[in-house]
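**Q** I need the structure of the sequence given here:
(one chain, ligands or ions: 1)
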Amino acid sequence: MYDFKIEAADKAVMYRDLLSALEGLTAGEPDPIANMANAAALIWETLPDLNWAGFYRNVDGELVLGPFQGRPACIRIPFGKGVCGAAAETLRVQRVEDVHAFPGHIACDAASASELVVPIVRDGKLIAVLDLDSPTRARFTEEDEAGCVAIGSVMSRAL
Ligand code: SME
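**A** The predicted structure is shown next:
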């Protein structure tokens, strides 16, 4: 088992260390499921105040649940539906302070209050989305968004 102890006190340092751990874990490994599984576990262990962290994959134009940490979740999400579907359709990051105010939000876990979804794109095509949920309203800042976009670009090479 890999033992990464990443200090969460300073966000900039935390994302720097998280990215270097993720690059190390995925380097030379071609299996996308293995890489998503380790990324979800690393994010879950490192980022405080999450109740879900994981991936939905683009399978023939539909989002299908991938490796994650947290409670069992909805399996299939159409493009355009909910926060993940909006990210998939627009290829834009969705940083939602209050999911209950987001039209069409899919409540997989009633505890979720805020959400960050990052599209993972390669050669202009959506491969997957990274989805993070938190029980705290407005949990995700611009710094989290930038950190998770950087995670997304590492993952676009690892999927
Ligand atoms: N809330 C998401 C669905 C996925 S779960 O949060 C794991 C959404 O609206 O897309």
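**Q** okay, CA-based contacts and neighbour counts for the rest of this
**A** OK.
**Q** quickly find the element holding the spatially most central residue of the chain.
**A** In the chain, the residue lying closest to the centroid (C-alpha atoms, centre = their mean) is Leu130, at 2.6 Å. In the assignment (DSSP states H and E), Leu130 maps to strand 125-134.
**Q** and that strand, which strands flank it?
**A** Sheet pairing of strand 125-134 (DSSP bridges) gives strand 52-59 (antiparallel), strand 114-122 (antiparallel).
**Q** quick one: the strands in the chain, in order.
**A** Per DSSP state E, the chain carries strands over the ranges 52-59, 62-70, 76-78, 94-96, 114-122, 125-134.
**Q** nearest to Val154 among those strands would be which one?
**A** strand 114-122 (9.2 Å; C-alpha to C-alpha).
**Q** mind checking if that closest one is in reach of the ligand?
**A** No. Counting by C-alpha under 6 Å from any ligand atom, the ligand has no neighbours in strand 114-122; the shortest distance is 7.2 Å.
**Q** tell me the mean pLDDT for that strand?
**A** For strand 114-122, mean pLDDT rounds to 98.
**Q** one more: stretch 24-41?
**A** Mean pLDDT, computed over stretch 24-41, is 97.
**Q** list the buried residues for that stretch?
**A** For stretch 24-41, burial by neighbour count (16 or more other C-alpha atoms under 10 Å) applies to Leu25, Thr26, Pro32, Ala34, Asn35, Met36, Ala37, Asn38, Ala39, Ala40, Ala41.
**Q** widest-spaced pair of those?
**A** Spanning the widest gap among these are Pro32 and Ala41, at 14.2 Å by C-alpha to C-alpha.
**Q** tally of neighbours for Gly54?
**A** If you count neighbours by other C-alpha atoms under 10 Å, Gly54 ends up with 24.
**Q** sorry, that was for Ile75
**A** 11.
**Q** just to revisit the earlier point, for the residue nearest to the centre of the chain, give me its contacts.
**A** Residues in contact with Leu130 (C-alpha atoms under 8 Å, 6 or more residues apart in numbering) are Ala53, Gly54, Phe55, Tyr56, Val117, Val118, Pro119, Ile120, Gly152.
**Q** Phe68 too?
**A** Phe68 touches Met36, Ala37, Ala40, Ala41, Trp52, Ala53, Gly54, Phe55, counting by C-alpha under 8 Å, 6+ apart.
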